[in-house]
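K.L.:
Next one to model:
(2 chains)
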Amino acid sequence: MRKYLLRRAVFALGTLIGVSLIIFVVLRILPGDPLVAILGVEGYARLAPADRAHLMHDLGLSDPLPVQYVRWLRDIAAGQLGKSFFRGDTVAELILRRGPISAEIAFLALFVSWLVGLPVGILSALRPNGWADAIARSISVLFIAVPGFWLGLLIVLGLLFWFGYKAPIVIVQLWENPWQNLQIVLGPAVVLGLAQGAYIARMSRSCLLEVIREDYVRTARAKGAVERAVVLHHALPNALLPVVTISGVLLGFVLGGSVAVEQAFGVPGLGRALVTAVVERDIIVVQNLVLLYALIFVAVNVLVDLSYGWLDPRIRY
Amino acid sequence: MTDHIAARTRVSRRAFLRTVGVAGGTVALASTLGRGRALADEVKADPGVKRGGTLRYGILNAPAHFDLHQSGTVANIGPQSPMYDTLIRRDPRDGQTIIPDLAYKWDISPDSKKYTFYLRKGVKFHDGAELTSADVKATYDRIARPPKGVVIPRTPLFASVGEIVAPAPDRVEFRLTEPRPQAFMLGSFASGWNVIVRKKTLDDNQGNLRQVMAYPGTGPFKHVSRKDKEVWIQERNPEYWNKGLPYLDRLEIYHLPPFSPELGSAFLAGKIDYARLLDPVSWRKAKEMPGVTAASFNQSVIQAFWTNGKRKPFADPRVRRAIHLAMDRPALIDVVKDTAPMQIGGFVYPFHEASTPRAELEKRLGYQKDVKPAVQEAQRLMKEAGHGQGLKGLDFVVRDINTFKLWAVAIQAMLKENLNIESNLRVVQTSQWFDEASAGNFDLAISAIVSTLMDPSDYFNAWYGKDGPQNYGSWTNEQFHALTKQIDHELDESKRKALIRQAEGILEQDPPLIPIAYEQIYDAWYNRVRGQNPSKFFGIYDVVRWDVVSLAQT
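P.N.:
Numbering: from 1, shown residues only, chains lettered A, B, ... in the order given. As a prediction, the model looks like this:
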């Protein structure tokens, strides 16, 4: 087990270094000058070449690329994520303020995806090719196909024009006011959760269909066990393994999807901060947030792998 | 005959009154510009106005930095200006008249080369320090001659300021190297950007306030807290020099980007009391709501596209004029009507007193509703320039902003249909657009540019000047440049107006850019908000302090 963990840790570190290199290089290659956002278009238009060089030096962007890259890694190792080019806010502050909102959205979305996806998948598997299965499959495909940000905009506009309602416009943390906090995170979580729920439903249906034909399920039925017990105690735990795997992957999609959905709902989470940072060419914020997303994605995948051993006693590391 | 002469020379009662009226008006104007305003013109607190309450204001509140002088965006002036004052200001009641602010009066020397401002006594910065002429001098020294690494878009407005002297703690003098029109100079001093900051603040930060969030001002509101891209909270300054103001106890300035659904929905749902820069759809909806007032007003921005004067076909004024005439401007305004509000205009702000009146402009080729005559003339010019067959493969650089993308497609179609000019659209991020435009890597390039003042002496130099920072087409016209110099120095307003019209004529024949439209601003507020109606304002950068705004219900 220890060996396995060590191996995974080394792979994870390699992945993160790879991501850091890609994001670092891409951000330096992409056209666009942060000075336009910092000085405004009028200020930028009046910028003399000497002043430009001076400002780029102040931002730490005039050093050779390897120097900039090593300095970034050194800062991360020291637990300092650097400062935004704009306003001087630290990236750590940004993550601490907005991270909880995005994390809530992600976990709530995952919860919604299981809450909706699993019963639908079971229902479809138990009555394959029936009308309930057809409806469930159609709705699953619909939610997979519909972009989250578009659905989000429809919800925002629907609530506004029919009920004159809009969620709070500033961050309210869970511990400050749970009701207001729920109003902020519920919309994006439901939109993201429904899309992921469709995947869960399809995956659990196909896995359950496969497991339900196994000998041990037939044996359980032959013993006279009631159908509910057969499904819930015998078939489902074995069918869940791939669903857990896909949930880990889906968490990555939730993180990615939250960027657009937070924007649509106007939720001031990390996803929205990332969009703004990209528009502003705030390189330090972008590279740290992307690395954070990558770190979460890698960590979740490791946890999912480790959970196999707990879910299936046959698996040992 | 004698009777006829007598009738002409006799002064009738009506003529007498008219003469006295005109003379009185002239004297009033002269006192406004030359001799300083009377204290009666100041903004004073009205004891009958209801006090207290929190105004929830929605505006872009994510500045890239905090240095107001270095900024050119509403993201700074929107949330920060309630904390600061200027030397003189635009009257918040009409948005136009220049009235006293930290200077209670001013004198202008007869040769217009010396401006003396008399400062109020007992004005305190938010950190308790008293305002002196040294602070004003330090502020304007920095604006007129920025230190290394500091870029201030308003610097050219003070190009004629040779020396700033503080002969007494309550007096500051600006000595000009050459006279400038008084309206231009006073307009520059009254710009909302030129807030007075402490000398010590500037000294402590090596003249750069980009990373200093709440440096002390003398304004009606004080900083309380700020959450980045969420809300900036400010409270009433109890020590404010203008006793009884502000009326409000607190300002909550929410970060809601211009023309965004967030801003529109926050206003329509009643989450904010006042919304600035609403999108047209939300604004129209707000206009229909009971208990809401929606206003539109002029913005200091021209939307345009440039032809690259360094590339051969566009060096020929006939080609540029042909492109100018081939534009169906009413259609272009219609294309973006749900994205951003626009109005037709030429090379001079269409609402400026010196520009061609709208009715006259709309009869001119290039601005008519029926574009046929203009297109025929455009085709003739192209033929005459040797491009009757059109042009192919033009590189059309488009800023990645909705209005520009919509317009670029329409312009591309108009050029193809009317002049057989084929272009390839290249959509680029904003900062790349400026790189490409500055390097001359384009045939056509579409964007928008802003000015501080409505006065042509500001933007004729910046937009059309030989080395103007926004002269992206590298345009030159010696006759125009000579005329601009004359306009800059002409002190007689009527002569100046005639020169501006003359310059406008040159620009029509030899366009430095192709004007598309002039931006408008859509604001809306619930009627409980009193004391603010921007309908007559010019732009969103001068009257931005909220000191005379109150809430009917608190």
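
K.L.:
okay, CA-based contacts and neighbour counts for the rest of this
P.N.:
OK.

K.L.:
quick one: contacts for the residue lying closest to B:Pro341 once chain neighbours are set aside?
P.N.:
Among residues not flanking B:Pro341 along the chain, B:Gln520 sits closest, at 5.3 Å (CA to CA, 6 or more residues apart in numbering or on different chains). With contact set as CA atoms under 8 Å, 6 or more residues apart in numbering or on different chains, B:Gln520 has these partners: B:296-299, B:340-343.

K.L.:
Among the residues you listed, which ones are in strands?
P.N.:
In strands, judged by DSSP state E, the following of those are found: B:296-299, B:342-343.

K.L.:
Closest one of the contacts of B:Gln520 to A:Leu303?
P.N.:
B:Ala340 (49.0 Å; CA to CA).

K.L.:
Pull the contacting residues for that closest one.
P.N.:
B:259, B:279-280, B:403, B:519-520.

K.L.:
before we move on, what about B:Ser447?
P.N.:
B:Ser447 sits in contact with B:303-305, B:398-399, B:404, where contact means CA under 8 Å, 6+ apart.

K.L.:
Find the nearest non-adjacent residue to A:Gln183, please.
P.N.:
That would be A:Ala167: by CA to CA, 6+ apart, it lies 5.6 Å from A:Gln183.

K.L.:
Look at residue 264 and report its pLDDT.
P.N.:
Picked chain A for this. On the pLDDT scale, A:Ala264 is placed at 86.

K.L.:
nope, chain B
P.N.:
So, for B:Gly264, pLDDT stands at 93.

K.L.:
hang on, it is in a helix, isn't it?
P.N.:
Yes - counting by DSSP: H, G, I helix; E, B strand; the rest coil, B:Gly264 is part of a helix.

K.L.:
Up against chain A, what does chain B have?
P.N.:
B:63-66, B:70-73, B:148-153, B:210-213, B:229-231, B:254, B:262, B:265-266, B:268-269, B:271, B:429-432, B:434-435, B:449-450, B:469-470 (CA under 8 Å from any CA of the partner chain).

K.L.:
center of the chain, which residue is that?
P.N.:
No chain was given, so I picked chain A. A:Leu255 (1.4 Å; CA atoms, centre = their mean).

K.L.:
what element comes up after the helix or strand hosting that one heading to the C-terminus?
P.N.:
Per DSSP states H and E: A:Leu255 is located in helix A:236-265. Later in the chain than helix A:236-265, the nearest helix or strand by DSSP H and E is helix A:270-280.

K.L.:
List the contacts of that next one.
P.N.:
For helix A:270-280, contacts defined as CA under 8 Å, 6+ apart pick out A:34, A:37, A:94-95, A:98-99, A:101-102, A:255-256, A:258-260, A:262-263, A:266, A:283, A:285-286, A:289.

K.L.:
Over to stretch A:212-225?
P.N.:
A:211, A:227, A:230-231, A:234-235.

K.L.:
near chain B, which residues of chain A?
P.N.:
A:31-47, A:51-52, A:54-55, A:85-88, A:157, A:160, A:164-166, A:168-171, A:266, A:268.

K.L.:
from the contacts of B:Ser447, which single one is nearest chain A?
P.N.:
B:Arg399 (11.7 Å; CA to the nearest CA).

K.L.:
Please list all residues in contact with that closest one.
P.N.:
Per CA under 8 Å, 6+ apart, neighbours of B:Arg399: B:405, B:427-430, B:433, B:446-447.

K.L.:
still on that earlier bit, wait, the residue nearest to the centre of chain A touches A:Tyr293, no?
P.N.:
Yes - using CA atoms under 8 Å, A:Leu255 makes contact with A:Tyr293 at a distance of 7.2 Å.

K.L.:
Any chance of a ChimeraX selection covering the buried ones in the residues of chain B next to chain A?
P.N.:
Filtering these down to the buried ones (16 or more other CA atoms under 10 Å in any protein chain shown) takes a single ChimeraX command:
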select /B:63,64,65,66,70,71,72,73,149,150,151,152,153,210,211,229,230,231,254,262,265,266,268,269,271,429,430,431,432,434,435,449,450,469,470
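
K.L.:
Out of the residues of chain B next to chain A, list just those in strands.
P.N.:
B:231, B:254, B:449-450.

K.L.:
Secondary structure added to the contacts of B:Ala340, as a markdown table?
P.N.:
What follows is those, written out as a markdown table (three-state DSSP):
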| residue | secondary structure |
| --- | --- |
| B:Phe259 | coil |
| B:Asp279 | coil |
| B:Pro280 | helix |
| B:Thr403 | helix |
| B:Glu519 | strand |
| B:Gln520 | strand |
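
K.L.:
least trustworthy position among those residues, going by pLDDT?
P.N.:
Within those, pLDDT is lowest for B:Phe259, at 89.

K.L.:
Just give me the neighbour total for that residue.
P.N.:
Residues lying near B:Phe259 (other CA atoms under 10 Å in any protein chain shown) number 24.

K.L.:
Pull the contacting residues for it.
P.N.:
Applying CA under 8 Å, 6+ apart, the residues near B:Phe259 are B:277-280, B:339-340.

K.L.:
And for it, nearest residue in space, chain neighbours not counted?
P.N.:
According to CA to CA, 6+ apart, the nearest residue to B:Phe259 is B:Asp279 (4.0 Å).

K.L.:
surely the one you found meets B:Gly264?
P.N.:
Yes - B:Asp279 lies in contact with B:Gly264 (CA under 8 Å); the separation is 6.8 Å.

K.L.:
ok, the two, which is more surrounded?
P.N.:
Higher neighbour count among B:Asp279 and B:Gly264: B:Gly264, with 28 against 22, using other CA under 10 Å.

K.L.:
Does A:Ile171 touch B:Glu230 like I think?
P.N.:
Yes - contact criterion CA under 8 Å: A:Ile171 and B:Glu230 qualify, at 7.4 Å.

K.L.:
which regions of chain B sit below the pLDDT cut-off?
P.N.:
B:1-40, B:553-554 (pLDDT under 70).

K.L.:
which residue is nearest the middle of it?
P.N.:
Mean-position check on chain B, CA atoms, centre = their mean. Result B:Ser300 at 3.5 Å.

K.L.:
Need the overlap of contacts for A:Ile171 and B:Glu230.
P.N.:
Shared contacts of A:Ile171 and B:Glu230, counting by CA under 8 Å, 6+ apart, come down to A:Pro268.

K.L.:
okay, how far is it across stretch B:304-324, tip to tip?
P.N.:
10 Å (CA to CA, to the nearest Å).

K.L.:
before we move on, the earlier item: restricted to strands, list the contacts of B:Ser447.
P.N.:
B:303-305, B:398-399.

K.L.:
and B:Ala331, how many residues sit next to it?
P.N.:
B:Ala331 sits with 13 neighbouring residues when counted by other CA under 10 Å.

K.L.:
Can you list phi and psi of it for me?
P.N.:
Here is the backbone geometry of B:Ala331 (degrees, to the nearest 10): phi -70, psi -40.

K.L.:
quick revisit: could you give me the ChimeraX selection string for whichever of the residues of chain A next to chain B are buried?
P.N.:
Here is the ChimeraX selection string for the buried members of the residues of chain A next to chain B, based on 16+ other CA under 10 Å:
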select /A:31,32,33,34,35,36,37,38,39,40,41,42,43,44,45,46,47,51,52,54,55,85,86,87,88,157,160,165,166,168,169,170,171,266,268
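
K.L.:
Then B:Ala445 would be within a strand, right?
P.N.:
Yes - assessed by three-state DSSP, B:Ala445 belongs to a strand.

K.L.:
Who are the contact partners of it?
P.N.:
B:305-307, B:396-398, B:437.

K.L.:
Could you rerun that using 10 Å?
P.N.:
The contact partners of B:Ala445, by CA atoms under 10 Å, 6 or more residues apart in numbering or on different chains, come to B:304-308, B:395-399, B:404, B:408, B:425-427, B:433-434, B:436-437, B:472-473, B:513.

K.L.:
contacting residues around the residue lying closest to B:Glu519 once chain neighbours are set aside?
P.N.:
Nearest residue to B:Glu519, sequence neighbours excluded (CA to CA, 6+ apart): B:Met342, at 4.6 Å. By CA under 10 Å, 6+ apart, the contact list for B:Met342 reads B:298-299, B:302-303, B:330, B:332-334, B:336, B:516-521.
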